[in-house]
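**Student:** All I have is the shape, not the residue letters:
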């Protein structure tokens, strides 16, 4: 989890009303490294919470265009002050900086979560633990057996499920990365069973009748399956 703190913000645009301008300028006042404290973070948090009518941290999951609004309030200097990476875009990094102790679930944020996020074993493990809870996994059931019986439609109905498969192409591979110390089947039978299960469901959903029909299948059609598949 990133716990970077916000540094000195840039000057806000002059088009803001007097009240907003005073509050933003207060948050933007230069400070030395020794005097930078939670005051800057708390001030910025109050400004953004009021702007988006945030009553509790979880409300941020529904906020879109956070980068644009932050630029309007604090100027481009904020882009330098918030630490980002290929695996965590600006909006999520900003919220994490404002609430460093909150247990965020990055895949719930609206907007773009880069596929690189799913290359991090810790992120994968967090997601799979959450996904197992959403699918009511029995605590006594081994991961290997549980994930082999999860249907394609169920998996893609989860937030981030499609992005994960697009990133790793194999659920079995992603599971091995997330749980490297788990004793997975050495012969890879779990992967074969899962792939056969997914292929069968895709074939049924897309009405594939002969092998040549697969030539017309695109990634876009596969990604649309969660909406097109009928409930069983």
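**Tutor:** That came through fine. Fair warning: this is a prediction, and the values are worked out from it, not measured in the lab.
**Student:** pLDDT on whichever strand or helix holds residue 80, on average?
**Tutor:** Taking DSSP states H and E as the criterion, residue 80 maps to helix 77-81. Here helix 77-81 scores 78 as its mean pLDDT.
**Student:** List the buried residues of it.
**Tutor:** For helix 77-81, a neighbour-count test (16 or more other Cβ atoms under 10 Å) marks 78, 81 as buried. (C-beta placed from N, C-alpha, C; glycine too.)
**Student:** Could you do stretch 91-110 as well?
**Tutor:** For stretch 91-110, a neighbour-count test (16+ other Cβ under 10 Å) marks 91-98, 104, 106-107, 109 as buried.
**Student:** Endpoints of it, how far apart?
**Tutor:** 10 Å (Cα to Cα, to the nearest Å).
**Student:** and the closest residue to residue 53 other than its chain neighbours, how many neighbours?
**Tutor:** Leaving aside its sequence neighbours, residue 53 sits nearest to residue 59 (Cβ to Cβ, 6 or more residues apart in numbering; 7.7 Å). The tally of other residues near residue 59 (other Cβ atoms under 10 Å) stands at 12.
**Student:** Confirm that residue 59 sits in a helix.
**Tutor:** Yes: assigned with DSSP: H, G, I helix; E, B strand; the rest coil, residue 59 falls within a helix.
**Student:** any idea how far it is from residue 70?
**Tutor:** 16 Å (Cβ to Cβ, to the nearest Å).
**Student:** Please report how far the residue of the chain positioned farthest from its centre lies from residue 173.
**Tutor:** Distance from the C-alpha centroid of the chain peaks at residue 210, with 37.6 Å (Cα atoms, centre = their mean). Applying Cβ to Cβ, the value for residue 210 to residue 173 is 29 Å.
**Student:** Equivalent analysis for residue 82, please.
**Tutor:** Applying Cβ to Cβ to residue 82 and residue 173 gives a distance of 32 Å.
**Student:** Just give the nearest non-adjacent residue to residue 158, would you?
**Tutor:** residue 131 (5.2 Å).
**Student:** what's the pLDDT at the one you found?
**Tutor:** Confidence score, pLDDT, at residue 131: 94.
**Student:** So it: helix, strand or coil?
**Tutor:** Three-state call for residue 131 (three-state DSSP): helix.
**Student:** mind showing which ranges of this structure have poor pLDDT?
**Tutor:** 1-39, 85-86, 185-198, 225-232 (pLDDT under 70).
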